[in-house]
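**Q** Whatever this is, show me its structure:
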Amino acid sequence: MKKATRNYIVDILIGIAFLISALTALVFLVPTTWIDFGSSVTPTFLGLNFGTWQDLHKWGGLAMMAGVVLHLLLHWKWIINMTKNILPGSKAKKTSLEES
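**A** This is a model prediction of the structure:
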């Protein structure tokens, strides 16, 4: 698999996990008038009880965390090189400044 394709897939999965985590977090902020307290033993919103919303939020967050760790591992060499270029006294930074 090409590196760009692999990065794209990882980033899409992180984005999906973020959307799940963000949207489920908003459920806990809805006004109580939107919540169906009479449909079952536990209150529901959009047909799901709040335990299910909480599970979706938790697993979405964990998937996002795992995706970010994978993303960082896949880009570790780039992170190291950029850090070296930005830190004072870096040879790469001095060379590029001397050339300009």
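**Q** Helix or strand for the residue nearest the centre of the chain, just tell me which one.
**A** By Cα atoms, centre = their mean, the mean C-alpha position of the chain lies nearest to residue 64, the distance being 3.9 Å. Using DSSP states H and E, residue 64 falls within helix 50-74.
**Q** If you count contacts, what does that helix end up packed against?
**A** Applying 3 or more Cβ pairs under 8 Å, 6 or more residues apart in numbering; DSSP states H and E, we find helix 50-74 packed against helix 3-27. For every residue, glycine as well, the C-beta is placed using N, CA and C.
**Q** Show me what the helix it packs on is packed up against.
**A** helix 50-74.
**Q** can you pull the pLDDT of residue 38?
**A** In this model, residue 38 is scored at 67, pLDDT.
**Q** I should have written residue 71 there, sorry.
**A** For residue 71, the predicted pLDDT is 92.
**Q** Count the neighbours of it for me.
**A** 15 (other Cβ atoms under 10 Å).
**Q** got it, and residue 58?
**A** 12.
**Q** Between helix 50-74 and the strand or helix carrying residue 79, find me the angle.
**A** Taking DSSP H and E as the criterion, residue 79 maps to helix 76-86. Angle, helix 76-86 to helix 50-74, by axes from the mean of the first three to the mean of the last three Cα atoms, to 10 degrees: 70 degrees.
**Q** other SSEs contacting helix 76-86?
**A** Against helix 76-86 (3+ Cβ pairs under 8 Å, 6+ apart) you get helix 91-99.
**Q** Understood, closing this out.
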